[in-house]
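Enquirer: Task: produce atomic coordinates for the following.
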Amino acid sequence: MYSNNSFNVPFVRQLEGAMHPGRAIAIYGNIPHHASRFVINLQCGGAPASVSDIALHISVRFDQNCVVRNTQQGGGWQHEERDGGLPLRRGGHFQMLIMCEGHGFKIALNGQHFREFRHRMPFQRVTHVSAEGDVHINSVSGVIGAYGSAHQTHNPSVPHVQNIGSVYPGRCLRVRGFIPHNAYRFSVNLATGPSMDYNDLALHVSTRPSEGLVELNTCRRGGWESGQQLRPCPVALGQSFELMILVDDYCYKIAFNGVHFAEWPHRHPYQGVNHVIVEGSVQLQLVSLEGQPRGGGYAPPPPPAQVPFYPSPYGNNDYHHHLPNPYHIIY
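Expert: Have a look, this model is predicted:
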């Protein structure tokens, strides 16, 4: 379940379903330049963290240059774990993934394994995620009422036409699927209506692995404009893929499989876009529009072009931000 509620820090949100080995929580956000410290908790119950049992307490402390891990039980803190340094920086984006295993939690920061924390209480007691301190939280996966997508479709047939409502800077279209071995091409289009023939296409992304290229273009009033063909094609026949299109103030930012690929300037006002249309040789697993207006006070600006979207080190999943996998676990 997802909604467009903002994450006003501090917050406490309930997990969707039970905690279990193989489950991961992905947290994505932005750290202010003035940050001193912030906290992420996996806790038992929805009461404030100060009075809840906390199975995993992660305190990112810039004032002490460390990430503290601990457990709170029965109103008292146990012994701290402080090793590992501080791989995050003020003024930057961050991603934290917490993977539950039978013996403990694995913690990854910005796509790299950081530390393990052995269970000090039954992981089955974890029901909520909370955050507090100097941090802007953009998204948290797997929680009820999480900022995420109100326009999400799983395993749609192709061609696929989906009303995505309005788009604006800060929103991100995520398309996940599989490219058949005999595929020729497929396209993902941001359109002003449900028809490629009768509506404008603000952005046309034609992925052609058989030709080794991706073509970007805009179509207005029935006519194609000057397009751009980019080589090599970042995806291959017979493989899964994830395409992300991030709406920026002046352009669309496009990423394949967690890596920034290209930008396309707005030739058509993005305010007119209300549909996504997918056609061609592709098997879709997910089409999702995610995000919140930047004016919400917490959503970070998009990463610059040279910075990849942070990947997951834990393999393919239904959450956010994917790629290198030090654990070789699929969840």
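
Enquirer: The nearest residue to residue 252 once chain neighbours are set aside: how many residues sit nearby?
Expert: Distances taken as Cβ to Cβ, 6 or more residues apart in numbering place residue 264 nearest to residue 252, at 4.7 Å, with adjacent residues excluded. Every C-beta, even on glycine, is put in place using the N, C-alpha and C of the backbone. By other Cβ atoms under 10 Å, 21 other residues sit near residue 264.

Enquirer: Next: residue 73.
Expert: 15.

Enquirer: Just the pLDDT at the spatially closest residue to it that is not a sequence neighbour, thanks.
Expert: Once flanking residues are discounted, residue 73 sits nearest to residue 53: 5.0 Å by Cβ to Cβ, 6+ apart. The score at residue 53 is 94. That number is its pLDDT.

Enquirer: I'd say residue 110 and residue 87 touch.
Expert: Yes - between residue 110 and residue 87 there is a contact under Cβ atoms under 8 Å: 6.7 Å.

Enquirer: So between those two, which is more surrounded?
Expert: Counting neighbours by other Cβ under 10 Å for residue 110 and for residue 87 shows that residue 110 has the greater number, 18 against 13.

Enquirer: hey, where'd the strands end up in the stretch 151-300 of the chain?
Expert: 151-154, 160-163, 172-178, 186-191, 201-208, 213-220, 223-224, 228-230, 240-247, 251-256, 259-265, 275-280, 283-290 (DSSP state E, counting those that start in this stretch).

Enquirer: Of all the ones you listed, which one is nearest residue 43?
Expert: Closest approach to residue 43 among the strands of the stretch 151-300 of the chain is made by strand 283-290 (25.2 Å; Cβ to Cβ).

Enquirer: Run the angle between that closest one and strand 275-280 for me.
Expert: 160 degrees (axes from the mean of the first three to the mean of the last three Cα atoms, to 10 degrees).

Enquirer: what are the pairing partners of strand 283-290, and which direction each?
Expert: Taking DSSP bridges as the criterion, strand 283-290 forms sheet pairs with strand 151-154 (antiparallel), strand 172-178 (antiparallel).

Enquirer: Tell me, how many residues neighbour the residue nearest to residue 73?
Expert: 18.

Enquirer: looking at it, it is touching residue 41, isn't it?
Expert: No - using Cβ under 8 Å, residue 53 is not in contact with residue 41; the gap is 10.0 Å.

Enquirer: got the contact list for the residue nearest to residue 252?
Expert: 203, 216, 218, 228, 251, 252, 254 (Cβ atoms under 8 Å, 6 or more residues apart in numbering).

Enquirer: 7 Å - rerun?
Expert: Contacts here follow Cβ atoms under 7 Å, 6 or more residues apart in numbering; on that basis residue 264 touches 203, 216, 251, 252, 254.

Enquirer: The residue nearest to residue 177 when sequence neighbours are not counted and residue 174: what is the separation?
Expert: Spatially, and ignoring its direct neighbours in sequence, residue 177 is nearest to residue 284 (4.4 Å; Cβ to Cβ, 6+ apart). When distance is defined by Cβ to Cβ, to the nearest Å, residue 284 is 11 Å away from residue 174.

Enquirer: which intervals of the stretch 1-150 of the chain have sub-threshold pLDDT?
Expert: Along the stretch 1-150 of the chain, the parts satisfying pLDDT under 70 run over 1-7, 142-150.
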